[in-house]
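Colleague: Let's see this in three dimensions:
(chains A, B, C and D)
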Number of protein chains: 2
Amino acid sequence: MDNPLSETPKGQLSARIRRDIEQRILLGEWAPGFRIPMERELMETYGCARMTVNKALSALAASGLIERRRKAGSFVSQPLSQSAVIEIPDVRAEVEAIGQAYRLEVISRQQRRSTRADMERLNVQSPRQVLAVHCRHFAGLRVHAFEDRLIDLVSVPDAAEIAFADEPPGTWLRGHVPWSEAENRISALNADASLADRLGVKQGSACLQVERSTWRGKRPITAVRMFYPGETYRLIAHFSPKGDVPRREPA
Amino acid sequence: MDNPLSETPKGQLSARIRRDIEQRILLGEWAPGFRIPMERELMETYGCARMTVNKALSALAASGLIERRRKAGSFVSQPLSQSAVIEIPDVRAEVEAIGQAYRLEVISRQQRRSTRADMERLNVQSPRQVLAVHCRHFAGLRVHAFEDRLIDLVSVPDAAEIAFADEPPGTWLRGHVPWSEAENRISALNADASLADRLGVKQGSACLQVERSTWRGKRPITAVRMFYPGETYRLIAHFSPKGDVPRREPA
DNA sequence: CAGTGGTCTAGACCACCGG
DNA sequence: CGGTGGTCTAGACCACTGG
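Modeller: Numbering: from 1, shown residues only, chains lettered A, B, ... in the order given. Prediction:
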């Protein structure tokens, strides 16, 4: 059968088309940069009207998974895209936005079989190879953040080859791995001796901790703990109800 | 002219219809609970096809501003709705979700002409009447959060009559005032003597501070500072790229 | 300049659910 | 049961832009 949709239709046609294409992208069949068949082809593939295909593709474009250009066609996004700039800030951009020179210092980088603690952080049951990276992000001479990251090498095998000498792990991941879900957990804590030393602050001073887990479908990609000196750092999120993108009024 | 859209069309028709309806709601012409004209009426009002109206209304429903029910019609949402439960948590629900008894204690409540500091917090230029509320949220016997809130009585005149004896200000506002934009600023700080006393923690212990400003259009509604004991509180946000609502896979 | 997406139309059928 | 929204169709014209 030509039609790649499941034989027992459930739900809206446009939603099923969307899921079908989404799966091809998330499972890697259609890699970043791949040119998606155009609407007039897909409408034959799925045997439906062009508006129906358009609805599916428009939704995918709105969610950032694909990018569309007239005349050129529709392309699978490079994972970086503009996705969720608010929720997952780029550390380097963050530092440079405040006019400071960015510098990355990798403290340690270790590939290992996951410990019990690692598996808990990644929320997985089975042992696997993981990459643990500790690094510091500098804004000028000041420490902007300390990062404690764990990468699932099953989901991201390419990471094993990356030294992260120049590009921060978070930036590299955003540029190479598409993600579908993430979770931030934010808390405050008093810096212990070790953390105080790493951040260059006094022991006991308040720090902001952002723990973030990222998944592609059900597979974990990475779990990271970012520590910021609390006095200076502010996590800012601008938003509208139900995830609306704030719209600018035409002048 | 019957057509309520601006005479010089700019942008997509469906988007202009959406903005037109959105304005009626945000400016209060169509109050919460109001039944919006049905699609077949609106399509005559705006002189366009039903699909075009449907696109506008679907977008409004997706953003939570209206609710739609077959046979019944489309209604302006009660502001509470499900809007942005992640970004603007309800304190009482938060406490009860962890199985604790919720209690609200209003420390002070003062209506006054805005001070210079008030105007800065609300980000307005002109003086106005404001309501300043300090209160504590208890989870059982423990202080869950200390709240320092400022309400713009120009935008929310009804608030002047509310004692907040039982319902927290944030909950009341969510249930009575529609908002279109908000911003969270998150940081960590060491509790000074005053804050430590209010939160029932040791002086110097790390606390999480969430500053939030809320607007309806360009008018400020409220500015609030919430302080949480950092060791226990965690602000959790689950999200997908570009504001997608996380979808559940059909089993 | 022609291929592609963006949008709209006029109509249709259906599912749902309130009266 | 019938009114309402939900969705899809088959087609059209247009705007943009890449080749």
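
Colleague: isn't A:I66 right next to A:G73, touching?
Modeller: No. With contact defined as CB atoms under 8 Å, A:I66 does not reach A:G73; the gap is 9.9 Å. From N, CA and C alone the C-beta is placed, and that goes for glycine too.

Colleague: Quickly list what's touching both of the two.
Modeller: Shared contacts of A:I66 and A:G73 (CB atoms under 8 Å, 6 or more residues apart in numbering or on different chains): A:I36.

Colleague: Those two: which is more packed in?
Modeller: A:I66 (25 against 14; other CB atoms under 10 Å in any protein chain shown).

Colleague: Can you report how many residues neighbour the closest residue to that one other than its chain neighbours?
Modeller: Distance criterion CB to CB, 6 or more residues apart in numbering or on different chains; nearest residue to A:I66, sequence neighbours excluded, is A:L60 at 4.7 Å. Neighbourhood size, A:L60 [other CB under 10 Å]: 23.

Colleague: Can you give the distance from the helix or strand hosting A:R112 to the centre of its chain?
Modeller: Element membership for A:R112 (DSSP states H and E) is strand A:102-113. Counting by CA atoms, centre = their mean, to the nearest Å, strand A:102-113 is centred 19 Å from the centre of its parent chain.

Colleague: before we move on, what about stretch A:126-135?
Modeller: Offset of stretch A:126-135 from its chain centre (CA atoms, centre = their mean): 17 Å.

Colleague: Also stretch A:16-24?
Modeller: 20 Å.

Colleague: and it with DNA strand C, contact?
Modeller: No. Using CB under 7 Å from any atom of the strand, we find that stretch A:16-24 stays clear of DNA strand C, coming within 12.0 Å at best.

Colleague: Give me the contact list for that stretch.
Modeller: Here stretch A:16-24 makes contact (CB under 8 Å, 6+ apart) with A:4-6, A:9-10, A:29-30, A:36, A:42, A:46, A:48, A:52-53, A:55-57, A:59-60, A:65-66.

Colleague: where does chain A have low pLDDT?
Modeller: A:1-2, A:7-9, A:79-87, A:233, A:236, A:238, A:240-251 (pLDDT under 70).

Colleague: Spell out which residues of it are next to DNA strand C.
Modeller: Residues of chain A lying near DNA strand C (CB under 7 Å from any atom of the strand): A:36, A:38-40, A:50-51, A:54, A:57-58, A:61, A:68-74.

Colleague: could you redo the last one with a cut-off of 6 Å?
Modeller: Contact residues (CB under 6 Å from any atom of the strand) of chain A with DNA strand C: A:M38, A:E39, A:R40, A:R50, A:M51, A:N54, A:S58, A:R68, A:R70, A:K71, A:G73, A:S74.

Colleague: Please indicate which of those residues are buried?
Modeller: Buried members of the residues of chain A next to DNA strand C, counted by 16 or more other CB atoms under 10 Å in any protein chain shown: A:E39, A:R68, A:S74.

Colleague: List just the nearest of those to chain B.
Modeller: Among these, A:R68 lies closest to chain B (CB to the nearest CB), at 13.8 Å.

Colleague: quick one on the thing from earlier: show me the buried ones among the residues of chain A next to DNA strand C that map onto strands.
Modeller: The members of those that map onto strands under DSSP state E are A:R68, A:S74.

Colleague: So which elements touch the strand holding A:R112?
Modeller: helix A:91-97, strand A:129-139 (3 or more CB pairs under 8 Å, 6 or more residues apart in numbering or on different chains; DSSP states H and E).

Colleague: Give the partner strands of that strand in its sheet and their orientations.
Modeller: strand A:129-139 (antiparallel) (DSSP bridges).

Colleague: Specify the angle between the next helix-or-strand element following the strand it pairs with and strand A:102-113 in degrees.
Modeller: Remark: after strand A:129-139, the chain's next helix or strand is strand A:142-152, criterion DSSP H and E. Here strand A:142-152 points in a direction 30 degrees away from that of strand A:102-113 (axes from the mean of the first three to the mean of the last three CA atoms, to 10 degrees).

Colleague: and strand A:142-152 with chain B, contact?
Modeller: No. Applying CB under 8 Å from any CB of the partner chain, one finds that strand A:142-152 is not in contact with chain B, the shortest distance being 12.5 Å.

Colleague: Run the angle between the helix or strand just after that strand and strand A:129-139 for me.
Modeller: Later in the chain than strand A:142-152, the nearest helix or strand by DSSP H and E is helix A:169-176. Orientation of helix A:169-176 against strand A:129-139 (the same axes, to 10 degrees) gives an angle of 110 degrees.

Colleague: Mind giving me the packing neighbours of helix A:169-176?
Modeller: Other helices and strands packing on helix A:169-176, by 3+ CB pairs under 8 Å, 6+ apart, are helix A:91-97, strand A:142-152, strand A:219-229.

Colleague: can you pull the buried residues of it?
Modeller: Going by neighbour count (16+ other CB under 10 Å), the buried part of helix A:169-176 is A:P169, A:G170, A:T171, A:W172, A:L173, A:R174.

Colleague: list the buried ones in the strand holding A:R112?
Modeller: Using 16+ other CB under 10 Å as the test for burial, strand A:102-113 gives A:Y102, A:R103, A:L104, A:V106, A:R109.

Colleague: With stretch A:34-47 instead?
Modeller: Buried residues in stretch A:34-47 (16+ other CB under 10 Å): A:I36, A:E39, A:L42, A:M43, A:Y46.

Colleague: Fine, thanks again, bye for now.
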